[in-house]
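*Asks:* Structure for this input, please:
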Amino acid sequence: MNILLQVLSLFIIALPIASVAWSITHEEVFREFHDFCLAKSKACPRISERKFFYLFTCEYCFSHYVTAAFLVVTRYKLLFPDWRGYLIAGFSLVWGANMYMALFARIRLDLRKERVEITTEEAALPQSK
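*Replies:* The predicted model follows:
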């Protein structure tokens with residue numbers, strides 16, 4: 001696979017990694033699971049248990065494990081055809097996925113800010129009947 005195709009694949013594969021990592025750690029559909037893991041990450045007596053449950057509350061941490069799963073499924077390698085290709089691909093995919101998640105978080109923050117501003121402006125308008 002040539003380098004251009006490898007780089008294109010990097011940015012394409014990073015998209016579903018970001019989607020899975022963000023969804024499990026932030027979205028409402030996994031709220032109960034997230035809250036359970038958050039409570040366990042603070043209350044478990046052993047550090048290994050706390051770290052295990054913390055993994056499901058942090059999109060950055062979780063993206064490493066999602067990336068590992070995607071590397072197993074896709075067998076994607078970057079630059080080298082051996083284990084070094086997996087290593088470089090793994091960290092590159094984590095970086096790409098986290099760039100996507102940071103961009104998504106920024107867009108959501110901007111949208112939330114705009115909604116608050118609109119609501120404030122509408123509340124300030126005189127009510128007409």
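*Asks:* Per-residue pLDDT of the nearest residue to Met1 once chain neighbours are set aside, please?
*Replies:* Of all residues not flanking Met1 in the chain, Ser9 sits nearest, at 7.5 Å (C-beta to C-beta, 6 or more residues apart in numbering). For the C-beta atoms, the positions are set from N, CA and C on the backbone; glycine is no exception. pLDDT, Ser9: 95.
*Asks:* Please list the outside residues in contact with the helix or strand encompassing Ser9.
*Replies:* Assigned by DSSP states H and E, Ser9 belongs to helix 3-26. Applying C-beta atoms under 8 Å, 6 or more residues apart in numbering, the contact partners of helix 3-26 are 1, 29-30, 33-34, 56-59, 62-63, 66-67, 70, 74, 76-79, 89, 92-94, 96-101, 104.
*Asks:* after it comes which helix or strand?
*Replies:* helix 31-43.
*Asks:* name the helices or strands packed onto that following helix?
*Replies:* Where contact means 3 or more C-beta pairs under 8 Å, 6 or more residues apart in numbering; DSSP states H and E, helix 31-43 is packed against helix 3-26, helix 47-54.
*Asks:* Low-confidence regions, the protein specifically.
*Replies:* Along the chain, segments meeting pLDDT under 70 span 128-129.
*Asks:* biggest helix in it, by residue count?
*Replies:* helix 83-124 (DSSP state H).
*Asks:* who does that helix touch, helix- and strand-wise?
*Replies:* Packing partners of helix 83-124 (3+ C-beta pairs under 8 Å, 6+ apart): helix 3-26, helix 59-74.
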